[in-house]
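> Here is my input; please provide its structure:
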Amino acid sequence: HVQLVESGGRSVQAGGSLRLSCAASGYRYASYCMAWFRQAPGKEREGVAYISTDGNPTYEDSVKGRFTISKDIATNTLYLQMNSLAPEDTAMYYCAADFLQDCSRGPLNYWGQGTQVTVS
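Prediction:
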């Protein structure tokens, strides 16, 4: 079965950087789009960054120029490099995937358990 396991979240000061990882297993990695979502307390979950099956990234406006999504096909790992972090980036971050070319066209069926990022 499909399994997504995030890691890398922690508390960091404003202006700092973090790299989140998502280890994927149970499916043909190259055939699935992947994405990062986040949900802050009291807010709806929002898509942060998407990467299509052919490797094209797209970003939510507030993270453009600060976040970079990438994937390592050899290790079946998705990454989110986050720079210039701000308090408004504080949220639970989730990895998601599905058998689609582009995850922004969702809905997505496979989700990880989340990793907490706190920026102060």
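> Low-confidence bits of this structure, can you list those?
29 (pLDDT under 70).
> Pick out the residue closest to the middle of it.
Nearest residue to the geometric centre of the chain (Cα atoms, centre = their mean): Trp36, 2.2 Å.
> Could you list every helix and strand in contact with whatever helix or strand that one lives in?
Assigned by DSSP states H and E, Trp36 belongs to strand 33-39. With contacts taken as 3 or more Cβ pairs under 8 Å, 6 or more residues apart in numbering; DSSP states H and E, strand 33-39 sits against strand 18-25, strand 46-51, strand 67-72, strand 77-82, strand 91-98. Placement of C-beta: from N, CA and C, glycine included.
> Please render these as CSV that adds mean neighbour count and distance to Tyr32 to the earlier fields.
As requested, the helices and strands packed on strand 33-39 are exported to CSV (neighbours: other Cβ atoms under 10 Å; distance: least, Cβ to Cβ, whole Å):
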stretch, mean neighbour count, distance to Tyr32
strand 18-25, 18, 8
strand 46-51, 21, 10
strand 67-72, 17, 10
strand 77-82, 22, 10
strand 91-98, 23, 5
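> For Gly114, which of the ones you listed is the nearest?
Taking Cβ to Cβ, strand 91-98 is the member of the helices and strands packed on strand 33-39 nearest to Gly114, at 4.3 Å.
> same for the closest one, what does it pack against?
Checking 3+ Cβ pairs under 8 Å, 6+ apart, strand 91-98 ends up next to strand 3-7, strand 18-25, strand 33-39, strand 77-82, strand 110-111, strand 115-119.
> Roughly how far does the spatially closest residue to Tyr27 that is not a sequence neighbour sit from Ala23?
What sits nearest to Tyr27 in space, not counting adjacent residues and going by Cβ to Cβ, 6 or more residues apart in numbering, is Val2, at 5.0 Å. Val2 sits 12 Å away from Ala23, taking Cβ to Cβ, to the nearest Å as the criterion.
> cool, Glu44 as well?
For Glu44, the distance to Ala23 equals 26 Å [Cβ to Cβ].
> Provide a list of residues in contact with Ser11.
By Cβ atoms under 8 Å, 6 or more residues apart in numbering, Ser11 lies in contact with Thr118, Val119, Ser120.
> Perfect, I'm done here.
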